[in-house]
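Enquirer: okay, sequence plus prediction incoming.
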Amino acid sequence: MTLETWAIFVPAAFALNCYPGPNNVLAMTHGARFGFATATVAALGRFPAFAAFVLGAAVGLGALLATSAEVFVVLKLVGAAYLVWLGVKMLRAGAADLSTADGDVALTALVRREFLTAVTNPKAMLVFTAFFAPFVDPGEPAAGQILALGAVALALEFVAVVLYAFAGARIGRIARGARGLGIVNRVSGLALVVAGLTMAVASRPATS
């Protein structure tokens, strides 16, 4: 790939990574409730899923998902149901759930939440496939190029994680107390419910 290709890919990938999707909403919520450091570490849970998507794109799993309507629909509904469930759980959380006892929440539970949110989103696989495709030089082996693009995209994803976790931590400092954090939780919960419902009715994105 040429330097010109990378000059176009890097800012485009960063813009994509900064999109306020379900995982970034979680990072901001965790930042508000548990602080910057905890939110950043918890967000690492999304990277195994995204790395698997990159590998899948490299070996052609994205193309399989794009052509198999049944597989896509099943995975889409599972992911949508999880997001709605998580959003409703946040919406129903009472003041007691948002007290200083939040500091005792296991970090592993937050990491697992990030992972499940990422891995149950079939559109993420297709986004990787469709987004990488225009930057692949057809004159060179595709798999190696996709892996290189994926590595850079994952590095930029971490920058996005830091930004969202930091923004969430700032919001948390402003919204001090259970009432303020309750508002953050309800807004985040509503965002996840909307994301889940949107995913449920979404069609497969074009991959060409």
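Expert: Noted; the coordinates are in hand.
Enquirer: output the lowest mean pLDDT helix or strand found in this structure.
Expert: helix 61-67 (a mean of 55; mean pLDDT, DSSP states H and E).
Enquirer: which residue lies farthest from the center of this protein?
Expert: Centroid-distance maximum for the chain: Gly139 at 31.9 Å, with Cα atoms, centre = their mean.
Enquirer: how about the secondary structure of that one?
Expert: coil (DSSP: H, G, I helix; E, B strand; the rest coil).
Enquirer: where does it land on pLDDT?
Expert: According to the prediction, Gly139 has pLDDT 73.
Enquirer: which residues touch the residue nearest the centre of the chain?
Expert: Centrality entry for the chain: nearest residue to the mean C-alpha point is Asn23, 3.3 Å, by Cα atoms, centre = their mean. Neighbouring residues of Asn23 by Cβ atoms under 8 Å, 6 or more residues apart in numbering: Ala43, Arg46, Glu114, Thr117, Ala118. To be clear about C-beta, it is placed using only N, CA and C from the backbone, and glycine gets the same treatment.
Enquirer: ditto for Leu190
Expert: By Cβ under 8 Å, 6+ apart, the contact set of Leu190 is Gly87, Leu91.
Enquirer: and it, how far is that from Thr29?
Expert: According to Cβ to Cβ, to the nearest Å, Leu190 and Thr29 sit 11 Å apart.
Enquirer: which residues does stretch 134-149 contact?
Expert: Met1, Thr2, Thr5, Ile8, Phe9, Ala13, Val54, Leu55, Ala57, Ala58, Val59, Phe132.
Enquirer: neighbours of Ala49, just the number please.
Expert: Around Ala49 sit 19 other residues, with neighbours defined as other Cβ atoms under 10 Å.
Enquirer: ignore the last one, Trp85
Expert: Number of residues near Trp85 (other Cβ under 10 Å) recorded here: 13.
Enquirer: what helix or strand does it sit in?
Expert: helix 69-92 (DSSP states H and E).
Enquirer: which residues touch Leu197?
Expert: Ala80, Val84.
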